[in-house]
Every structure is written in C-alpha cells, then in structure tokens.
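> Here's my sequence, what's the structure:
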Amino acid sequence: YELAKEIITHHLKDVEMKRYPQIAKKTGKGLETIKRVVELISSLNPRPGSLFSSELITYVVPDVRVEYIDGRYEITLNEDYTLPHLSINSYYRHYLSQKGVDTQTRQFVRKKMESARWLMDAIEQRRATLYKVAVKLVELQKGFFEEGVSSLRPLKMQELADLLGIHVSTVSRALARKYMQTPRGIFGMKFFFTGGFKSTEGTTESWEAMRQKMAEIIAREDKSHPLSDEDIVAMFRVKGLDIARRTVTKYRKAMKIPSSRQRRQYL
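All right, here's what the predicted structure looks like:
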C-alpha cells in the first residue's frame, strides 16, 4: 500500500502513459511489482462515497461577491452564472419593417416582442434590486465583515426595506435562495437578518452573535469541569448580557452541543 500511495502521489502521469519501466526505475521496484500495484490502483473506487449514497450534490454558486479592495468593500453580481443574458433577434425587427406582412402576423410578432421586452425589463429590475439590497446589507453589517459573526447586528428586512424605500416583500423575494460570497465564506443572504436583544449597557446584540459567543465560551471551558447552562448564563451576565437559562439551553441544543455532563472528560 505504501508503494501504491507513492505511485498515486508522484507517478500517475506515468501510469496513464503506461511508462512502467520509468516507474520501476524511479521507485527501485521490479517491473512485475509495479504492474501488480497498478492493477490494484485500477481496481479502486475514486468515489467511495457513492457506495453509501447516489444523491447528487448541488453546489452553491454565489449570486453576489463581496471583496475587500483598496480599503473598501466592493460588491459585484455574479451575472455570468445567475442571470441570463437575453436579447431580441434582429430578424424580427427587420421582419416588421418589411412591406407585405399581413396585419395578423404583424400584430402577433409585435405582441411577442413586447412580452420579450417585459421579461428583459423584469430581469434588469431584479438585478438592480439585488445589487441595491446587497450594497445596503454590507453597509449595515460592516461589523460582521470586519470582525466576524460576533459583531453581526440585529437586522430586520423591514428596516432595510425602509432605508431603500421599497416594500419588504420585494426584499424577501430578491433574497430568496440567494448566496453571498464574502471574505469570511459563503452565506445565504437571509443569514444577515437576525433578531436580537438589548444588553444591560443599552447596546444591541444579535442572536447569531450570542450563539457564536456561547460556542467560544464552551470551547475555552475546563473539559474536566465543563460549564453548566447556569454557569454560561453567569458568564454572559459578566459580559453585560442578561439571558435566561432556558434561552441558553435552547440555543445550545440547536447548535448540537451536548450538556455539561456529556461534555465532561475524565483526564
């Protein structure tokens, strides 16, 4: 198996070209040995996971890209993949300008061209709305882009809609099944809208930020004496966050973090 690993790592091109003597020379092994190992490699399944599931994996193609360039965040739409490029065939415009086209045919072609223009205008409006929403979203959630999830601010779609002067349902439709590629990873665009609560200092914290802080607290705990939910509540209060124990329990379970008893390690 060590020889197979070496051949796969360093000599696959030679295997493809059947340059077995060169592989034997480079590895110091006999030609027959090389042939047997190549036969073994040929019998392997390059997709072993397919033995357990044949489900097709759908890859996320981000609709919006956010890049940090020259000290500012640049937002671009990934139109090559997400928005179709449409145009009306010039043949039909030329056809309508010709003489001798009967009235019924002329009306039919004109109606279809109007429908095509309506569709193209709708796609352009969708593109413009998505871009406006993305720009405002990056502006409002700048803390997230600079510091991470712990700085994600509470934000409702209605707030963003009011700032842009559009209906909240327009925002919701624009973001449905849309993804944003950021310097911190790819996120569904609705991820940036989260409820929150006020701290004892009067600042606002998002629930997503609270979950992130809870994960950090648990990650730093003494594994031989893990923190109970009450202990976590007490630590939040020290940070100025007054959160009920049942809330901590609810989010700990949602994050699939075991209880303190289950997290305990006997060293």
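> what residues are up against residue 235?
217, 227 (Cβ atoms under 8 Å, 6 or more residues apart in numbering). (Each C-beta comes from the backbone N, C-alpha and C, glycine too.)
> Could you do residue 226 as well?
218, 260, 263, 264.
> Out of those residues, which end up buried?
218, 260 (16 or more other Cβ atoms under 10 Å).
> Just name the closest of the contacts of residue 226 to residue 101, please.
Of all these, residue 101 sits closest to residue 218, with 74.6 Å by Cβ to Cβ.
> right, and that closest one touches residue 228 too?
No. Using Cβ atoms under 8 Å, residue 218 is not in contact with residue 228, being 11.0 Å away.
> Between its first and last residues, how far does stretch 14-26 reach?
Across stretch 14-26, the terminal residues are separated by 11 Å (Cα to Cα, to the nearest Å).
> Assign residue 49 to helix, strand or coil.
Per DSSP: H, G, I helix; E, B strand; the rest coil, the local secondary structure of residue 49 is helix.
> any idea how far residue 41 is from it?
19 Å (Cβ to Cβ, to the nearest Å).
> Who has more neighbours out of those two?
Neighbour count, other Cβ atoms under 10 Å: between residue 49 and residue 41, residue 41 has more, with 15 against 10.
> tell me the contacts of the closest residue in space to that one that isn't next to it in sequence?
With Cβ to Cβ, 6 or more residues apart in numbering as the criterion, residue 41 has its nearest non-adjacent residue at 5.7 Å, and that residue is residue 4. By Cβ under 8 Å, 6+ apart, the residues touching residue 4 are 37, 40, 41.
> Pull out the buried residues from stretch 161-173.
161, 170, 171.
> rewinding a little: the contacts of residue 4 in helices, which ones?
Using DSSP state H, the members of the contacts of residue 4 that fall in helices are 37, 40, 41.
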